[in-house]
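[1] With the input below, show me the fold.
(one chain, ligands or ions: 1)
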Amino acid sequence: MEQNEDLNQFDIPIAKRTYLSNSNPLILKKILIISPFLCLLFTIFAFRSIRNIEQSPLISFNSQAKRNHDHRILGHLPYNEIPKEKLVFIEPYIEVHIDMRDSLLNMKEEAKKDGIYLVFLSGYRSINLQNDIFYSLKSIRNQEATERARVSAPPGYSEHSTGFAIDIGDATKRETDFEKEFENTDAFKWLIKNAAKFHFKLSFNKNNKFIDYEPWHWRYEGSIEALKVFETSNRGL
Ligand SMILES: [Zn+2]
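    Modelled structure (predicted):
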């Protein structure tokens, strides 16, 4: 090993070494002057290359695919149907997930103390019922699937099938049931101010580009199960 290193030293021509050492100050000076420019040029080149890679069609396709990874259909996320044993009636025709029953009823009572009368319009809906709503009821209105999906989820894609969604109206303004005008009622104003205390959140606000604004539709996020169900939606994917 030592011998090899010695030999390598002899490989370097002495004349060249002498030449370099003689002209060192001048060359070094030149190198020192141009090196910042070379660095700058290299940085610009590297930055542009990275940008080109990011903008390449393949990368765009991949990020698009990532965004679509949540399996949305016409803007709606897929939801499983709640097992029957987790459903409870809160009114003769309204069933909800057992986890949200107490919170929902407490919210109604608290609202009453403030002179606000909430009325529950729709809770759990089976995928079969959602199927009827989406394909029968909306087709009577002569709407195409995209138009229907703005106001109603396709079967298997409704928050109502999880048991964690509730449609709420104002008992003193029934003409606003399922209407955008519900947002002008005292009930809605009260909900906006207080619903979070009871772990309820408006699902479809005005910023949603696929689904129409639904001021009456609230979902429960007060249990781990509920949070898991709405995780994708909350991540904004
Ligand atoms: Zn709803």
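[2] I'd like to know which elements the helix or strand harbouring residue 166 is packed against.
    In this assignment (DSSP states H and E), residue 166 forms part of strand 165-170. Helices and strands touching strand 165-170, by 3 or more CB pairs under 8 Å, 6 or more residues apart in numbering; DSSP states H and E, are strand 118-122, helix 186-194, strand 217-220. C-beta here means a position set from N, CA and C on the backbone, and glycine is covered the same way.
[3] Next, the contact list for the spatially closest residue to residue 214 that is not a sequence neighbour, please.
    The spatially closest residue to residue 214, leaving aside those adjacent along the chain, is residue 204, at 4.4 Å (CB to CB, 6 or more residues apart in numbering). Listed by CB atoms under 8 Å, 6 or more residues apart in numbering, the contact partners of residue 204 are 211-214, 217.
[4] For the protein, which segments are assigned as helices?
    Here the chain has its helices, by DSSP state H, at 2-11, 14-55, 57-67, 98-113, 127-132, 138-140, 145-151, 186-194, 224-229, 231-235.
[5] Which of the ones you listed has the lowest mean pLDDT?
    Lowest mean pLDDT within those: helix 57-67, at a mean of 44.
[6] Isn't residue 130 up against residue 161?
    Yes - with contacts counted by CB atoms under 8 Å, residue 130 reaches residue 161, the gap being 6.3 Å.
[7] can I see the domain layout of this structure?
    2-55, 84-235 (automatic domain parsing).
[8] And those domains: which comes nearest the ion?
    Closest approach to the ion among the domains of the chain (CB to the ion): domain 84-235, 3.6 Å.
[9] so how far is the first residue of the closest one from its last?
    28 Å (CA to CA, to the nearest Å).
[10] Likewise for stretch 189-199?
    OK, stretch 189-199 end separation, CA to CA: 16 Å.
[11] How about stretch 180-190?
    Across stretch 180-190, the terminal residues are separated by 16 Å (CA to CA).
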